[in-house]
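Q: Generate a structure from the sequence data that follows.
(2 chains)
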Amino acid sequence: MTQTSRTISAASEAAARAQEAAAADTPATASAAPDAAPAAPDGPKADKKAAAKPSRKAGKKAGKNIIRLSELYMPTLKEDPADAEIASHRLLMRAGMIRKAASGVYTFLPLGKKVLAKIENIVREEMDATGSQEVMMPALQPAELWFESGRWDDYGPELMRLKDRHERGFCLGPTHEELITSLVRNELRSYKELPLSLYQIQVKFRDEIRPRFGLLRGREFIMKDAYSFHDTQESLQRTYDKMSAAYGRMCDRMGLAWRAVQADSGQIGGSTSCEFMALAEAGEAELVYCECGYAANTEAGQGIAVLREYEAPRLEKIETPGISAIPDLAKYLHTPESSTVKAMVGKGADGALVMFLVPGDHELNLIKAGRVVPGFELLDDEEIEAAGLPKGSLGPVGLPAGLRLVAERDLRSMERWIVGANEDGYHYVGARPEADFTVDEWADVTVVKPQDRCRECEGVLEGARGIEVSQVFQLGDKYSQAMGATFSAEDGSEQHFVMGCYGVGVTRSMAAIVEQHNDGQGIVWPAAVAPAHVCVVVLDSTDDKVSAAAERMARELVEAGLEVAVDDRDLRAGVKFNDADLIGWPMQVVIGKRGLAQSKVEVKDRKTGEKQDLSLDAAAALIAAALL
RNA sequence: CGGGACGUGGCGCAGUUUGGUAGCGCACUUGCUUUGGGAGCAAGAUGUCGCAGGUUCAAAUCCUGUCGUCCCGACCA
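A: All right, here's what the predicted structure looks like:
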């Protein structure tokens, strides 16, 4: 119990710290921005180019940075693709940024690739700033490493397995703990070299049970994964905090509305873990949060269930004809679902039967159940029958001996329970723990849900949905133990590395950004990740004066430090306007004969839709001011 | 894996109930006109109807199998 609450506060503190750290760092980022921001999206790139080609200023060279739509492979779609449901999938397809190659497998076209590069650069800059060093590990990994860690079996069918011509086993990496551990175990030998942090931006493979929602859940995707090695837990904690702060900054720079939440560490393993959620209805994750700062993924979080006692003077078996489901039972007894108790039977790895009891309006959390009963699995219908139990109306009263009973700890706040009578069509009311049955263990086993009370401050938990864009883990020595990765400590002893790992879903972030930044016309890219800052829409591209003015405009913008696209295609105005809105350049400059006659161009802000007629110089100045 | 749906020119779809030898819109090619919010007219090209069997004089259409894709579910007794 104490241990649990310590886990809670430790994890939630970590989440809150990440959120705060990012908030606190925002001014720093912002103050760095005046230097960095003009070049931020392509800072290092621009520097390199400037160094390599000092002649960049020669007009022709500058012109090379311009994206010319007349030459760009950018097949936009007028209609929504039939197999795309959510906004990001639909719009990225329509804007000609991605195409599907197979279920959950996508090609990135030139514009999509540019956005990807922007995101990768933000990630790279923030990772470099933490002192992590970029490497590149293979996607193709030998099976032996996975035998060593035990995950060849544990990872399950999601692991893409294959054999080479000599029948040797390989897999396509879904993550790289094994690889990185094998990399350092022979050559990272001394505590003096610690801590060490390495990262890569690379393609990952997971044979998802059901790929869906375009880039949000693919079978092949790009991930930034980092791994850190330490001699002590304290050292790990420092890096973990640094990474968390960096992750918050990445989200901010990508323009994401996000929240750091306490998470389960799942298949990766380890103890403390925190996820960064981009808030979105299309998100697959549910989370709860509280005013006090507590926030958690519902699969990992804890709350206090609010229960309503059903007045029953004593234990009484009542007839409930045809009723087995909780909602029907509650309705039949005119009481909230929270005054009933739901029973679920499963078995542990040893095959012993266990019954879990949870409030009727809550769900059993299988992850938590697995912690109480290792290898826990619910019985299927046949097994229930074989065990001599009824399918509905399960309950703790009068159970066969030897069946272990585990109850949600919050149920202790209720004296009299409504439970199944282990007989079709009958339930008990007024059943009292200890008097009418014996609970072997009280534990936290439910899925937290909105309206539960916060365990930290007793406030009411709110609910939201999110897209998990990144996650940080403290792995401890799970992999260094399994794979024998040790170093020499100061006292000369051999010790296992303490490890951390940190992932960012790059392609998933791209989808998350679109989920948060779109409207009826298309995508509205935040400037930092847009394929270019501004598009010069040339309405009469065959008119020499107009195209000359457009060229001048484009060059001026490039010289001001902006990334520029020019829609110089010989197409009708409406098509170009619609494409520009669909693709989502943050700003548009419309240049046509009509405006030029008055020496004016139109500047449109994609986000607000605001349009202004301005002189060429004023337009360039306005755009530069708005975007830099 | 369970349930549902869908595979017909590049894209979006109709045609399938009631078998009769493939159509619409967009895109594409050529020409003319047009040109500030997805142009008009004319001419043209593009499909072994996912694949494999079967039934039939005849199959996009009926039957069987198979592959692919999407949606829902995969704890909520």
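
Q: Okay, and the beta partners of the nearest residue to A:S132 once chain neighbours are set aside?
A: For A:S132, the nearest residue in space outside its immediate sequence neighbours is A:S197; the separation is 4.0 Å by CB to CB, 6 or more residues apart in numbering. All C-beta atoms are positioned from the backbone trio N, CA, C, and that covers glycine. Per DSSP bridges, the residues bridged to A:S197 are A:S228.

Q: Repeat that for A:C171.
A: Beta bridges link A:C171 to A:Q141, A:R161 when assigned by DSSP bridges.

Q: what's the burial count for it?
A: One way to gauge burial is a neighbour count; for A:C171, by other CB atoms under 10 Å, it gives 22.

Q: Hmm, A:L162 and it touching each other?
A: Yes - with contact defined as CB atoms under 8 Å, A:C171 and A:L162 form a contacting pair (7.0 Å).

Q: any common contacting residues for those two?
A: Jointly contacting A:C171 and A:L162 under the rule CB atoms under 8 Å, 6 or more residues apart in numbering is no residue at all.

Q: what residues does the stretch 301-450 of chain A put near RNA strand B?
A: Where the stretch 301-450 of chain A comes near RNA strand B, counting by CB under 7 Å from any atom of the strand, the residues are A:324-326, A:342, A:344-346, A:363-366, A:378-379, A:381, A:384, A:391-394, A:420, A:447.

Q: now, which of those lie within helices?
A: The helices, defined by DSSP state H, take in A:326, A:366, A:381, A:384 from those.

Q: Which one of the residues you listed is nearest to A:M223?
A: The shortest gap between A:M223 and any of those belongs to A:L366, at 25.7 Å (CB to CB).

Q: what residues are up against the residue lying closest to the closest one once chain neighbours are set aside?
A: When the adjacent residues along the chain are set aside, A:L366 lies closest to A:F376, with 6.9 Å between them (CB to CB, 6+ apart). By CB under 8 Å, 6+ apart, the contact list for A:F376 reads A:346-349, A:354, A:366, A:369-370.

Q: Let me see the confidence value for A:F376.
A: As summarised for this prediction, A:F376 has a pLDDT of 87.

Q: for A:G484, same thing?
A: 95.

Q: I'd like the distance between it and RNA strand B.
A: As judged by CB to the nearest atom of the strand, to the nearest Å, A:G484 and RNA strand B stand 35 Å apart.

Q: do A:Q200 as well
A: In this structure, A:Q200 lies at 27 Å from RNA strand B, with CB to the nearest atom of the strand as the measure.

Q: List the buried residues in the helix or strand hosting that residue.
A: Using DSSP states H and E, the element containing A:Q200 is strand A:196-205. Neighbour-count burial for strand A:196-205, counted by 16 or more other CB atoms under 10 Å, picks out A:196-202, A:204-205.

Q: mind checking how far that strand is from the chain centre?
A: Shown here is strand A:196-205, whose average C-alpha point lies 16 Å from the average C-alpha point of the whole chain (CA atoms, centre = their mean, to the nearest Å).

Q: what helices or strands is that strand leaning on?
A: Taking 3 or more CB pairs under 8 Å, 6 or more residues apart in numbering; DSSP states H and E as contact, the helices and strands that strand A:196-205 lies on are helix A:110-129, strand A:133-134, strand A:220-230.

Q: Output the set of residues of the stretch 501-628 of chain A in proximity to RNA strand B.
A: Listed as neighbours of RNA strand B in the stretch 501-628 of chain A under the rule CB under 7 Å from any atom of the strand: A:521, A:539-540, A:572-575, A:577-579, A:581-582, A:590-596, A:602, A:604, A:611.

Q: Low-confidence ranges, the stretch 251-400 of chain A, go.
A: By pLDDT under 70, the low-scoring segments of the stretch 251-400 of chain A are A:266-270.

Q: how about the contacts of A:F376, which pair is most distant?
A: In terms of CB to CB, the contacts of A:F376 reach their longest pairwise distance at A:A349 and A:L366, which sit 13.8 Å apart.

Q: Quick one: residues contacting A:H533.
A: If you count contacts by CB under 8 Å, 6+ apart, then A:H533 has A:527, A:557, A:562-564, A:585-587, A:623, A:627 around it.

Q: and the helices and strands packed on strand A:196-205 as TSV, adding distance to RNA strand B?
A: Written out in TSV, the entries for the helices and strands packed on strand A:196-205 read as follows (distance: least, CB to the nearest atom of the strand, whole Å):
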stretch	distance to RNA strand B
helix A:110-129	14
strand A:133-134	32
strand A:220-230	12
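
Q: most packed of these?
A: By mean neighbour count, with neighbours taken as mean count of other CB atoms under 10 Å, strand A:220-230 ranks first of these at a mean of 25.

Q: for that one, what is the average pLDDT?
A: The predicted model gives strand A:220-230 an average pLDDT of 97.

Q: For it, name the packing helices and strands.
A: Using 3+ CB pairs under 8 Å, 6+ apart as the contact test, the elements touching strand A:220-230 are helix A:110-129, helix A:177-185, strand A:196-205, helix A:233-253, strand A:498-505, helix A:506-516.

Q: any chance of those in a markdown table, plus distance to A:F437?
A: Conversion of those to a markdown table gives the following (distance: least, CB to CB, whole Å):
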| stretch | distance to A:F437 |
| --- | --- |
| helix A:110-129 | 54 |
| helix A:177-185 | 44 |
| strand A:196-205 | 48 |
| helix A:233-253 | 42 |
| strand A:498-505 | 44 |
| helix A:506-516 | 47 |
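
Q: So which residues on the stretch 51-200 of chain A come close to RNA strand B?
A: By CB under 7 Å from any atom of the strand, the part of the stretch 51-200 of chain A that sits against RNA strand B consists of A:76-83, A:85, A:100, A:102-104.

Q: By neighbours, which of the residues you listed wins?
A: In these, the most neighbours by other CB under 10 Å go to A:G104, 22 neighbours.

Q: show me where the stretch 401-550 of chain A has strands.
A: When assigned using DSSP state E, counting those that start in this stretch, the strands of the stretch 401-550 of chain A occupy the ranges A:404-408, A:417-420, A:426-431, A:441-443, A:453-454, A:462-476, A:486-488, A:494-496, A:498-505, A:518-519, A:522-523, A:534-538.

Q: most packed of those?
A: Mean neighbour counts were compared across the strands of the stretch 401-550 of chain A using mean count of other CB under 10 Å; the top stretch is strand A:534-538, at a mean of 29.

Q: would you turn the strands of the stretch 401-550 of chain A into TSV with distance to A:G301?
A: As requested, the strands of the stretch 401-550 of chain A are exported to TSV (distance: least, CB to CB, whole Å):
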stretch	distance to A:G301
strand A:404-408	14
strand A:417-420	24
strand A:426-431	29
strand A:441-443	15
strand A:453-454	10
strand A:462-476	11
strand A:486-488	36
strand A:494-496	30
strand A:498-505	20
strand A:518-519	29
strand A:522-523	33
strand A:534-538	43
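
Q: Would you mind listing where chain A has pLDDT under the threshold?
A: In chain A (pLDDT under 70), the answer is A:1-64, A:266-270.

Q: picking that back up, out of the strands of the stretch 401-550 of chain A, flag the one nearest A:T175.
A: Ranking those by their distance to A:T175 (criterion: CB to CB) puts strand A:498-505 first, at 7.5 Å.

Q: In PDB, could you pull the C-alpha coordinates for the closest one?
A: Listed next in PDB are the C-alpha coordinates belonging to strand A:498-505 (Å, rounded to 0.1, in the frame of the first residue of the first chain):
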ATOM      1  CA  VAL A 498      21.300   1.000 -15.000                       C
ATOM      2  CA  MET A 499      19.500   1.900 -18.200                       C
ATOM      3  CA  GLY A 500      16.900   4.300 -19.500                       C
ATOM      4  CA  CYS A 501      15.200   4.500 -22.800                       C
ATOM      5  CA  TYR A 502      13.400   7.300 -24.500                       C
ATOM      6  CA  GLY A 503      11.300   7.100 -27.700                       C
ATOM      7  CA  VAL A 504       9.600   9.700 -30.000                       C
ATOM      8  CA  GLY A 505       7.200   8.600 -32.700                       C
END
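
Q: Many thanks, have a good one.
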